[in-house]
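>>> the sequence isn't on hand, but the structure is:
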């Protein structure tokens, strides 16, 4: 009897979504670190001179805006993938510990790249936001059937994100919750998540909402490679490399 293989589903695998999120995040950070903290702050560059008929400050401002706009797609995708990981993980404790370790490892590269300081307590990297979101999901699920406890879990998580000054803070926690609570109702999920993503990225013409097109094309498959280890290491390493590049530009 001839063996049959099931056809591949159309759409994006988790591997592809994570790759899209990583690439758009990298593009975003090129703008934030190399252009904003490098080129536009270099005292040796005369930003009043022209490129293509416009002043350098406007030219690099346009490039920066384009890069940051593309970068708005990354975070909602990471929130969606976090929820997928939460739903399918066999070891939540291990998942949480990995996020915590890399959140701590990434903080110095994050502070150097974005603020030029070894320690900048006023703002924490996005892995802390994802970690808090994971803890909120865990508490929310455990309190199933008890709306009061579920509401308390959400309030505590949102409050912690504000007190710790995590990247995306309350909007980040809310996006994660929307992707989880409405995971079986794609229409409501897309409307609510799209609205929040657009609100967060209003300064970039609401470009974050475009991430929902990629998310809605998720085919439910993990893909050929989860990219989990690559992302965790890529996050601190690329921030450190971009910081070094920005310092070289300033010199």
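Structure's in. What do you need? Computed from a predicted model, the values in this text were never measured in an experiment.
>>> what's the local residue count around the closest residue to residue 131 other than its chain neighbours?
Counting by Cβ to Cβ, 6 or more residues apart in numbering, residue 99 is the residue found nearest to residue 131 once chain neighbours are left out, at 4.3 Å. Just so you know, the C-beta spots here come from the backbone N, C-alpha and C atoms, and that holds for glycine as well. Other residues lying near residue 99 total 22 when counted by other Cβ atoms under 10 Å.
>>> residue 99 reaches residue 135, doesn't it?
No - under the contact definition of Cβ atoms under 8 Å, residue 99 does not touch residue 135, with a separation of 9.5 Å.
>>> before we move on, back to that, next, the contact list for the residue nearest to residue 131, please.
Applying Cβ atoms under 8 Å, 6 or more residues apart in numbering to residue 99 gives the contacts 127, 130, 131, 134.
>>> I'd like the next helix or strand past the strand or helix carrying residue 28.
Secondary structure assignment for residue 28, by DSSP states H and E: helix 14-29. If you walk from helix 14-29 toward the C-terminus, the next helix or strand you reach (DSSP H and E) is strand 50-51.
>>> give the pairing partners of that following strand; include direction for each.
For strand 50-51, the pairing partners within the sheet under DSSP bridges are strand 54-55 (antiparallel).
>>> who's in contact with the following helix or strand past the strand it pairs with?
Later in the chain than strand 54-55, the nearest helix or strand by DSSP H and E is helix 56-71. The set of residues external to helix 56-71 that reach it, using Cβ under 8 Å, 6+ apart, is 24-25, 27-32, 35-36, 39-40, 45-52, 54, 201, 204-205, 207.
>>> next, the angle from helix 56-71 to helix 14-29.
Comparing the axes of helix 56-71 and helix 14-29 via axes from the mean of the first three to the mean of the last three Cα atoms, to 10 degrees yields an angle of 160 degrees.
>>> distance from helix 56-71 to the middle of the chain?
Once both centres are worked out by Cα atoms, centre = their mean, to the nearest Å, helix 56-71 turns out to sit 19 Å from its chain's centre.
>>> for it, buried residues please.
Applying a neighbour-count criterion of 16 or more other Cβ atoms under 10 Å, one finds 56, 57, 59, 60, 61, 63, 64, 67, 68, 69, 70, 71 buried in helix 56-71.
>>> by contact count, what packs against the helix holding residue 28?
When contacts are defined as 3 or more Cβ pairs under 8 Å, 6 or more residues apart in numbering; DSSP states H and E, helix 14-29 packs onto helix 56-71, helix 74-88, helix 211-216, helix 228-250.
>>> so it versus helix 228-250, what angle?
Calculated by the same axes, to 10 degrees, helix 14-29 forms an angle of 10 degrees with helix 228-250.
>>> helix 14-29 - what's its average pLDDT?
Across helix 14-29, pLDDT averages out at 95.
>>> may I see the buried residues of it?
Residues 14, 16-22, 24-29 are the ones in helix 14-29 that count as buried (16+ other Cβ under 10 Å).
>>> make JSON lines out of those residues and add distance to residue 143.
Output for the buried residues of helix 14-29, formatted as JSON lines (distance: Cβ to Cβ, whole Å):
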{"residue": "14", "distance to residue 143": "27"}
{"residue": "16", "distance to residue 143": "34"}
{"residue": "17", "distance to residue 143": "29"}
{"residue": "18", "distance to residue 143": "29"}
{"residue": "19", "distance to residue 143": "35"}
{"residue": "20", "distance to residue 143": "33"}
{"residue": "21", "distance to residue 143": "29"}
{"residue": "22", "distance to residue 143": "33"}
{"residue": "24", "distance to residue 143": "34"}
{"residue": "25", "distance to residue 143": "32"}
{"residue": "26", "distance to residue 143": "37"}
{"residue": "27", "distance to residue 143": "39"}
{"residue": "28", "distance to residue 143": "35"}
{"residue": "29", "distance to residue 143": "36"}
